[in-house]
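Student: My questions are about this predicted structure, shown below with the sequence.
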Protein chains: 2
Amino acid sequence: MSENKKSSELRRSMPLLPIGTVMQLTELSARQIRYYEEHDLIQPHRSEGNRRMFSLNDVDTLLEIKDMLEQGINMAGIKKLFDMKKNAAVQSVQAEKEISDSELRRILREEMRNANRHQKSSLRQGDLSRFYQ
Amino acid sequence: MSENKKSSELRRSMPLLPIGTVMQLTELSARQIRYYEEHDLIQPHRSEGNRRMFSLNDVDTLLEIKDMLEQGINMAGIKKLFDMKKNAAVQSVQAEKEISDSELRRILREEMRNANRHQKSSLRQGDLSRFYQ
DNA sequence: CTTTAATGTTAGTTTTTCTAACATTGCATT
DNA sequence: AATGCAATGTTAGAAAAACTAACATTAAAG
């Protein structure tokens, strides 16, 4: 994952917006937004004075919720879908990790072949096998 | 200019943030932020209820102001520097425009040459000259 | 026809922001 | 040293925004 993606992820998860701004951005009522929080679909931060502060990610999530509701999906369904999405995200991270592991092994094999080509038989092929499966 | 740049420009100039958030992001006092507005270095929007609403661009500008002040530059200097920057930006847009004008002329010439190659002497070269200088 | 999920509405309170005025601080200039 | 000014602090009182909690409405589902 690039450094850029990490820092933009940071920015997007930064609690910046009061509920009024979020209402305008999403065209949801304060009641709706608080209700979705009550059902744990979003977890806005709180200011020192207990005011909700929302991130851009929260806004995205709220727009998704709005979309799903308009499609006739109820809260329970949305909750389930979000859970699945979270799991999928975890699995995709795991997949990414596995890919980069296999990538690492491929690179090691490649390097070993090069080593063999350049200084033939200075190292027996089996000697590196314990490093890359 | 890409569509992406335009839309991110839109996002960055969107008045989203209350002064409290901006105080945290910039570590400036409300007094300072209002003072800089008073001197026309930023022009935050206002909510219906007259609360200032700041954009991410405003935050950037405030951070620049803070930097310059810490470098010992006074308000007058900062104002002048910002004016220069604005002019530079305008000139760069003009330069860009001129480049694309000359580009346009280049393309027209190129097309004319092609036309000449494919249907020789159906059009005299001078006949298009009024269209591209 | 009841239930219930989602949302509206209201009241009373707390937090945030506003303006305007006066106070402080630290440099320059005389 | 005294003065003036730029930048910022501080305060008071008012207005707006947001909070919780409770009760009300509505539309769909059984």
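Tutor: The structure has been received and is ready for your questions.
Student: Spell out which parts of chain A neighbour DNA strand D.
Tutor: Contact residues (C-beta under 7 Å from any atom of the strand) of chain A with DNA strand D: A:18-21, A:23, A:30, A:34, A:50-52. All C-beta atoms are positioned from the backbone trio N, CA, C, and that covers glycine.
Student: Show me those that map onto strands.
Tutor: Taking DSSP state E, the ones among those that sit in strands are A:Arg52.
Student: Tell me the confidence at the residue lying closest to A:Met68 once chain neighbours are set aside?
Tutor: Nearest non-adjacent residue to A:Met68, counting by C-beta to C-beta, 6 or more residues apart in numbering or on different chains: A:Ile78, 5.0 Å away. A:Ile78 is assigned a pLDDT of 97 by the prediction.
Student: count of neighbours near A:Ile78?
Tutor: Residues near A:Ile78, counting by other C-beta atoms under 10 Å in any protein chain shown, number 20.
Student: From B:Lys6, how far out is it?
Tutor: Applying C-beta to C-beta, to the nearest Å, the value for A:Ile78 to B:Lys6 is 33 Å.
Student: what's the answer for A:Ile73, then?
Tutor: 33 Å.
Student: Would you mind listing what in chain A touches chain B?
Tutor: Within reach of chain B by C-beta under 8 Å from any C-beta of the partner chain, chain A has these residues: A:16-18, A:20-21, A:25, A:47, A:53.
Student: was I right about A:Arg46 contacting A:Glu37?
Tutor: No - assessed by C-beta atoms under 8 Å, A:Arg46 is found out of contact with A:Glu37, at 10.9 Å.
Student: domain ranges for chain A?
Tutor: Domain ranges of chain A: A:1-73, A:92-133, per automatic domain parsing.
Student: got a pLDDT number for the residue lying closest to A:Pro44 once chain neighbours are set aside?
Tutor: Spatial nearest neighbour of A:Pro44, excluding adjacent residues (C-beta to C-beta, 6+ apart): A:Arg52 at 4.3 Å. Here the pLDDT value assigned to A:Arg52 is 98.
Student: does A:Arg52 have beta-bridge partners, and which?
Tutor: A:Arg46 (DSSP bridges).
Student: neighbours around it, how many?
Tutor: Look at A:Arg52: counted by other C-beta under 10 Å, it has 20 neighbours.
Student: Roughly how far does it sit from B:Ile33?
Tutor: As judged by C-beta to C-beta, A:Arg52 and B:Ile33 stand 23 Å apart.
Student: ok, now A:Met75?
Tutor: 40 Å.
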